[in-house]
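>>> Here is my input, please return the structure:
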Amino acid sequence: MRSAGAEVPCTDVPVKRDARLWILAATILGSSLAFIDGTVVNVALPAVQANFHATVVDLQWVVESYGLFLGALILVGGSLGDLFGRRLIFVIGVAIFALASAGCGAASNIHLVIIARSVQGVGAALLVPGSLAIISSSFDEKSRGQAIGTWSGFTAITTAIGPVLGGWLVEHASWRWVFFINLPLAAAVIAISVWRIPESRSATAGRIDWLGALVATAGLGGLIVGFIESVTLGWRNPLVFGSLIVGFGCLVAFVFIEARVKSPMLPRALFESRSFSGANLLTLLLYAAVGIFFFLFPLNLIQVQRYSATAAGAAVLPLILLMFLLSRWSGGLVAHYGPRGPLIIGPVIAALGFGLFAVPSVGDSYWKAFFPAIIVLGFGMAVTVAPLTTSVMNSVNEDRVGAASGINNAVARVAGVLAIAVFGIVMVKAFGLRLNHSLAHFSLQPGVLKEIRAEATKLAGLQVPTGLDPGTKASIAQSIGEAFVFGYRIVMLLCAGLALASAAVAWRMIPKSGAGLGPHPGSV
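Numbers count the residues shown, from 1 in each chain. Model (predicted):
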């Protein structure tokens, strides 16, 4: 909001009052495409795995390929809009996203799904920053706050409805419709945008940091390839070792590149603010925990607890609704207590929520086992998110808040991508260890035992070999579910540790009051 107020947009067509509703409709629907996709696809993962007999590594790539390009290119997407026209880049992003969605839905194998998801990430990187930029350039200072509030509220509602709708489509139609449903929505967004949204661009837009974007993408991609493929290939494999070396090398080079280019996508000067650095480190730790949680939780509910896809989508509704309903209240906490207190207490509550997710076993009731954990985690995140955003925005000068917000958004996306890659290793190793321990109690033929162990990377999607007696099959199936829960508990406890670490970062790096946070201390 403040970044838009600090700049006079170059608008080619005056924005009429009656066109503003259409602008809001287009930006809300466009943003919802990307926001919903981040949660709906997780609900569809078990069906995708069953359809293609995929391993957990394949499922990781379905999520990671999207998040990688979105996280690495989202800052470039905002710069492209400022330079070439916000409406143009927004429409191009929506079109790319729609075409990639069609590719996902029509894919004949898991590798085509992964490729199409990568293209989806590129489209999302163009449309996500464009939506708020269009609102900022189309509404005057008096009406801009209300417009952004409307945008925020409706995108939260669509994000909450998304998993339920996606689960219903998976259950009653096909997982492919989770992607196909994007097509009519995208067509409506493009039509409204061309018809009603005036073009705008920045009068002071700098150059695009293409080299930085390329090196950052290569760095993150190298790390992700190395971590994910280590599960099946081992750490000594040349692809794994080489990818990690290239990834770390590129990220080190990225730091030096950003210090020398004229228009860096990641200005080093911003990180001279201790509060800004602390807020982003907190974001990295906390959103890493959130990212791996949303990857594993639907797999647990659908494959182990035997929930329907619709029920699994509805299971996370209380968390999303709680964050939405308490957002205004939590934002007010900063005005009364400063950001430090909420940013310590919120992650501690979230850590308790993650810890509660480590308690349920196989077959426990949702209302007794999962609902309390969902409520506690949702409350912890609700206490954290608004003060965190405010801390980021208030930690830099007025003319840098747009860049600060974009960087924090990118950090949150990258955190989830890295967490799924790293904690996926923990999950697979823990699952295999527990399953092998359980199988030692069965009198199985060596061939059967070898077949089960070879498929262990499918986690709870592992199918019991045919030809066994019903009692043995049931016992092995139970052991598979228990092995998944064993690994899931370890990961949830690690998530609790990350949340506590983020609270410690707030305690050490976020000022006690609004003082020193920039030109608008304590404001929301």
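
>>> Just give the closest residue to residue 125, not the sequence neighbours.
residue 73 (3.8 Å; C-beta to C-beta, 6 or more residues apart in numbering). C-beta coordinates here come from the backbone N, C-alpha and C atoms, glycine included.

>>> Please pull up the helix or strand immediately following the helix or strand encompassing residue 105.
Assigned by DSSP states H and E, residue 105 belongs to helix 86-106. Using DSSP H and E, the helix or strand that directly follows helix 86-106 along the chain is helix 110-138.

>>> Would you check how far apart the spatially closest residue to residue 462 that is not a sequence neighbour and residue 420 are?
Nearest non-adjacent residue to residue 462, counting by C-beta to C-beta, 6+ apart: residue 455, 5.0 Å away. Going from residue 455 to residue 420 by C-beta to C-beta, to the nearest Å gives 21 Å.

>>> These two: which has the busier surroundings?
Higher neighbour count among residue 455 and residue 420: residue 420, with 25 against 17, using other C-beta atoms under 10 Å.

>>> what residue ranges in the protein score low on pLDDT?
Scanning the chain for pLDDT under 70 picks out the ranges 1-18, 141-142, 144-145, 149, 152-153, 202-206, 398-402, 513-524.

>>> how about the strands in it?
For the chain, applying DSSP state E gives strands covering 10-11, 200-201.

>>> ok, back up a step: remind me what the helix holding residue 105 packs against, helices and strands.
The elements that helix 86-106 packs onto, with contact taken as 3 or more C-beta pairs under 8 Å, 6 or more residues apart in numbering; DSSP states H and E, are helix 20-52, helix 56-84, helix 110-138, helix 177-180, helix 182-196, strand 200-201.

>>> Which residues lie in contact with residue 295 in this structure?
Residue 295 is in contact with 42, 45, 60, 63, 420, 424, counting by C-beta atoms under 8 Å, 6 or more residues apart in numbering.

>>> Wait, the fifth one touches residue 64, no?
Yes - here residue 420 reaches residue 64: they are 5.9 Å apart, a contact under C-beta atoms under 8 Å.

>>> related to what we said a few turns ago, farthest pair in the contacts of residue 295?
Comparing all pairs in the contacts of residue 295 by C-beta to C-beta, the longest separation belongs to 42 and 424, at 13.5 Å.

>>> Output the contacts of residue 295 as JSON lines; include the columns distance to residue 106.
Listed next are these as JSON lines, based on distance: C-beta to C-beta, whole Å:
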{"residue": "42", "distance to residue 106": "21"}
{"residue": "45", "distance to residue 106": "18"}
{"residue": "60", "distance to residue 106": "22"}
{"residue": "63", "distance to residue 106": "19"}
{"residue": "420", "distance to residue 106": "25"}
{"residue": "424", "distance to residue 106": "27"}
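
>>> how about residue 459, what does it touch?
With C-beta under 8 Å, 6+ apart, residue 459 has these contacts: 56, 299, 303, 427-428, 431, 484, 487.

>>> For residue 232, state which of the residues you listed is nearest.
residue 428 (8.9 Å).

>>> hmm, back to that, go through the helices and strands packed on helix 86-106 and name the closest to residue 171.
helix 20-52 (8.7 Å).

>>> Quick one: list the elements packing against the closest one.
Applying 3+ C-beta pairs under 8 Å, 6+ apart, we find helix 20-52 packed against helix 56-84, helix 86-106, helix 110-138, helix 141-172, helix 177-180, helix 182-196, helix 274-299, helix 309-315.

>>> quick one: it to helix 141-172, angle?
30 degrees (axes from the mean of the first three to the mean of the last three C-alpha atoms, to 10 degrees).

>>> Report the inter-axis angle for helix 20-52 versus helix 110-138.
170 degrees.

>>> Just the buried positions in helix 20-52, please.
Residues of helix 20-52 classed as buried by neighbour count (16 or more other C-beta atoms under 10 Å): 20, 23-49, 51-52.
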